[in-house]
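Visitor: Got a predicted model here, sequence first, then my questions.
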Amino acid sequence: MRLRIFAALAALSLGALTGCGETSGTSASSPLRIMVPAAPGGGWDQTSRIAEQAIKAADPQRQVEVYNVPGAGGTIGLAQLAGEKGNGNLLMTMGLVMVGAIEQNKSKVTLAETTPIAKLTEEYEIVVVPAASPYKTLDDMVAAWKADPAKVSISGGSAGGTDHIVAGLMAKAAGIDPKQVNYIAHSGGGEALNELLGNKVSAGISGVAEFAEHVKSGKLRALGVTSGERLPDLDAPTLKEAGLDVELANWRGFVAPAGLSDADKKALTDLVTKMHDAQPWKDAVAKNGWIDSFQTGQQFADYLASEQTRVKAIIAEMGLVS
């Protein structure tokens with residue numbers, strides 16, 4: 001009798017362990033969710049959906065779901081992530097935009113309440129105007145901007161994010177008070193694009209990949225890019241070349257909830273590394289003109305900490321936070 005009871009208990013224990021393995025982030029059979037803390041159509045959304053396909057290519061058994069939680073520069077999604085403590089089946093796409101938005105929105109939840117997984121890419125920003133715009137060059141736009149800052153409306157992503165920072169740095173370089181910038185913030189790149197195509201704003205700022213095709217088709221005109229040198233396959237001067245001493249690269253990465261087990265953290269890191277090495281990801285990086293800046297582990301954690309310090313200083317100087 002004792003032997004039968006012992007055997008039954010052993011079987012139950014083994015079953016429990018097996019069940020845990022099936023629901024943990026360490027199991028390829030566990031569905032992985034990727035949160036996009038923004039509306040569809042922007043850089044985070046684009047990155048997440050490319051990542052979904054690359055993960056499926058690298059690990060065909062893995063189920064992946066991408067979903068959107070828009071608002072407040074990603075801080076609404078960040079707050080939701082904080083409530084998923086210990087969930088090894090969840091990643092959130094984020095980047096420089098979120099670092100600024102946390103300061104701008106005085107978010108109670110910060111990146112300290114996440115687990116850094118990987119830095120993925122860097123991307124330069126582009127300044128565009130509608131094809132029908134009277135501004136043929138950046139000089140034209142800056143002249144009108146200086147004459148009446150309020151009349152030059154600039155559409156971009158979330159307040160305090162990369163696009164907003166670029167607008168503020170451009171204003172400062174042009175001798176305009178950054179606080180006077182008429183910046184129209186959006187929770188997703190699609191909204192900013194629609195305003196530009198509808199001639200509802202003077203100019204727009206976003207990642208190169210989000211506007212490049214519309215520039216090539218003639219629907220938008222590029223006035224400048226934030227790179228140090230001209231970019232291949234894009235007919236646009238650098239901002240420095242056009243007269244404004246501004247250079248800035250946006251970046252994107254993945255974080256997970258806090259409180260992960262070592263096994264789940266390793267499993268997510270290994271999965272994202274496999275994604276990064278998969279051909280669909282490499283192809284997307286090349287197609288979109290992204291810069292591969294892959295980092296994991298402590299290297300990414302240290303980078304994230306330094307970015308928070310750097311961005312906080314920039315937006316304070318611009319007057320974006322009180």
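Guide: Arrived safely. Here the structure is a predicted model, which is why all the values come from computation and not from measurement.
Visitor: contacts, neighbours, all on C-alpha from now
Guide: Fine.
Visitor: Gly86 reaches Gly259, doesn't it?
Guide: Yes. Counting by CA atoms under 8 Å, Gly86 touches Gly259, with 4.5 Å between them.
Visitor: Which helix or strand contains Ala209?
Guide: helix 208-216 (DSSP states H and E).
Visitor: Now the element after the worst-scoring helix or strand of the chain on mean pLDDT, going C-ward?
Guide: The weakest-scoring helix or strand in the chain, judged by mean pLDDT, DSSP states H and E, is helix 2-23 (a mean of 38). Reading on from helix 2-23 to the C-terminus, the next helix or strand found by DSSP H and E is strand 32-36.
Visitor: Let me know the average pLDDT across that following strand.
Guide: For strand 32-36, mean pLDDT is 98.
Visitor: The protein - how does it break down into domains?
Guide: 28-122+251-317, 124-225 (automatic domain parsing).
Visitor: Tell me which of those lies nearest to Lys240.
Guide: Among the domains of the chain, domain 124-225 comes nearest to Lys240, with 8.6 Å by CA to CA.
Visitor: what is the rounded mean pLDDT of that closest one?
Guide: Mean predicted confidence for domain 124-225 is 93.
Visitor: Then stretch 59-72?
Guide: Stretch 59-72 comes out at a mean pLDDT of 94.
Visitor: Identify each buried residue in it, please.
Guide: For stretch 59-72, the neighbour count (16 or more other CA atoms under 10 Å) marks 62, 64, 66-72 as buried.
Visitor: swap in stretch 79-90?
Guide: Neighbour-count burial for stretch 79-90 [16+ other CA under 10 Å]: 79, 81-82, 84-90.
Visitor: so what's Gln271 closest to, chain neighbours aside?
Guide: Actually, residue 271 is Leu rather than Gln. Among residues not flanking Leu271 along the chain, Ile55 sits closest, at 7.4 Å (CA to CA, 6 or more residues apart in numbering).
Visitor: same thing with Ala79?
Guide: Nearest residue to Ala79 in three dimensions, chain neighbours excluded: Val109, at 5.9 Å (CA to CA, 6+ apart).
Visitor: my guess is the one you found is in a strand, correct?
Guide: No. The assignment for Val109, made by DSSP: H, G, I helix; E, B strand; the rest coil, is coil rather than a strand.
Visitor: what about Arg252, how many neighbours?
Guide: 21 (other CA atoms under 10 Å).
Visitor: Surely it touches Tyr124?
Guide: No. With contact defined as CA under 8 Å, Arg252 and Tyr124 do not form a contacting pair (11.5 Å).
Visitor: Given the lengthiest strand in the chain, what are its sheet partners and their directions?
Guide: For the chain, the strand with the greatest residue count under DSSP state E is strand 114-130. With DSSP bridges as the test, strand 114-130 is paired with strand 203-207 (antiparallel), strand 220-225 (antiparallel), strand 249-257 (antiparallel), strand 291-296 (antiparallel).
Visitor: could you redo these as CSV and give each row distance to Glu307?
Guide: Formatted as CSV, those follow (distance: least, CA to CA, whole Å):
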stretch, distance to Glu307
strand 203-207, 18
strand 220-225, 21
strand 249-257, 10
strand 291-296, 14
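Visitor: So which of these is nearest Ala167?
Guide: Among these, strand 203-207 comes nearest to Ala167, with 7.6 Å by CA to CA.
Visitor: C-alpha coordinates for the closest one, PDB please?
Guide: What follows is strand 203-207 as a C-alpha-only set of coordinates in PDB (Å, rounded to 0.1, in the frame of the first residue of the first chain):
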ATOM      1  CA  ALA A 203       5.900  69.000 -41.600                       C
ATOM      2  CA  GLY A 204       6.400  65.600 -40.100                       C
ATOM      3  CA  ILE A 205       9.200  63.800 -38.300                       C
ATOM      4  CA  SER A 206       9.500  60.000 -38.000                       C
ATOM      5  CA  GLY A 207      11.800  57.100 -38.600                       C
END
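Visitor: Now do the contacts for Asn68.
Guide: Asn68 is in contact with 35-40, 45, counting by CA atoms under 8 Å, 6 or more residues apart in numbering.
Visitor: Go again with 7 Å.
Guide: Taking CA atoms under 7 Å, 6 or more residues apart in numbering as the criterion, Asn68 is in contact with 35-40.
Visitor: check contacts around Pro60.
Guide: With the criterion set at CA under 7 Å, 6+ apart, Pro60 makes contact with nothing.
Visitor: Now do the phi/psi pair for Glu195.
Guide: phi -60, psi -40 (degrees, to the nearest 10).
Visitor: And what about the residue nearest to it when sequence neighbours are not counted, helix, strand or coil?
Guide: Distances taken as CA to CA, 6+ apart put Val201 closest to Glu195, at 6.1 Å, once the chain neighbours are dropped. For Val201, the assignment made with three-state DSSP gives coil.
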